[in-house]
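Asker: would you be able to build a 3D model of this:
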Amino acid sequence: MSSATSTNSKDTKENEEKTTMLAYAITKPGNNQGELIHLPIPKLEQPNFCLIKVLRAGVCNTDLEILQGYMGFQGVLGHEFVGVVKSINTNDEDVLKEWIGQRVCGDINIGCGDCGVCANDYGYDDDNGC
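Answerer: Sure thing, here's the model as predicted:
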């Protein structure tokens, strides 16, 4: 009976690893601590969106301010990252062939380029949510 329990526990862990990802989250802003948590792997529902397996994530000054509680943010850090494209929500075989497996980097501080905030070079905080 104990071997069946052990096997079930192993199967559960393997399934969890396939459906979840590890993320570093700030759960209590201001205490200079975060924790590794399991989150569901995002589903690709919008056309031409891709799923990237993050290999490394940078820590910037904003992340440090979040850790110290200056921004009151609760959530996942890691908006500056490098990774590998794992999947793309497209039927275009040429796109899939070119991009699956490619190394990429990301930074969410890219604005729309059209609003007043972007015109003043503050695209990371624009009115259009870019």
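Asker: which SSE is immediately downstream of the worst-scoring helix or strand of the chain on mean pLDDT?
Answerer: Among the helices and strands of the chain, helix 2-19 carries the lowest confidence by mean pLDDT, DSSP states H and E, at a mean of 49. In the C-terminal direction, the helix or strand that comes right after helix 2-19 (DSSP states H and E) is strand 20-26.
Asker: could I get that following strand in PDB with only the CA atoms?
Answerer: C-alpha atoms of strand 20-26 as PDB (Å, rounded to 0.1, in the frame of the first residue of the first chain):
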ATOM      1  CA  THR A  20       2.700  24.800 -13.600                       C
ATOM      2  CA  MET A  21       5.700  27.000 -13.700                       C
ATOM      3  CA  LEU A  22       7.900  28.400 -10.900                       C
ATOM      4  CA  ALA A  23       7.700  32.100 -10.300                       C
ATOM      5  CA  TYR A  24       9.300  34.500  -7.700                       C
ATOM      6  CA  ALA A  25       6.500  36.400  -6.100                       C
ATOM      7  CA  ILE A  26       6.200  39.200  -3.600                       C
END
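Asker: tell me which strands and helices it is in contact with?
Answerer: Secondary-structure packing of strand 20-26 (3 or more Cβ pairs under 8 Å, 6 or more residues apart in numbering; DSSP states H and E): strand 35-40, strand 75-76. No exception for glycine: its C-beta is placed from N, CA and C like everyone else's.
Asker: quick check: mean pLDDT of the next helix or strand after the first one?
Answerer: In other words, strand 35-40. Going down the chain from strand 35-40, the next helix or strand is strand 50-57, by DSSP H and E. Mean per-residue pLDDT for strand 50-57: 93.
Asker: got the contact list for strand 50-57?
Answerer: Applying Cβ atoms under 8 Å, 6 or more residues apart in numbering, the external contacts of strand 50-57 come out as 24, 41-42, 44, 77-78, 80-89, 99, 104, 106.
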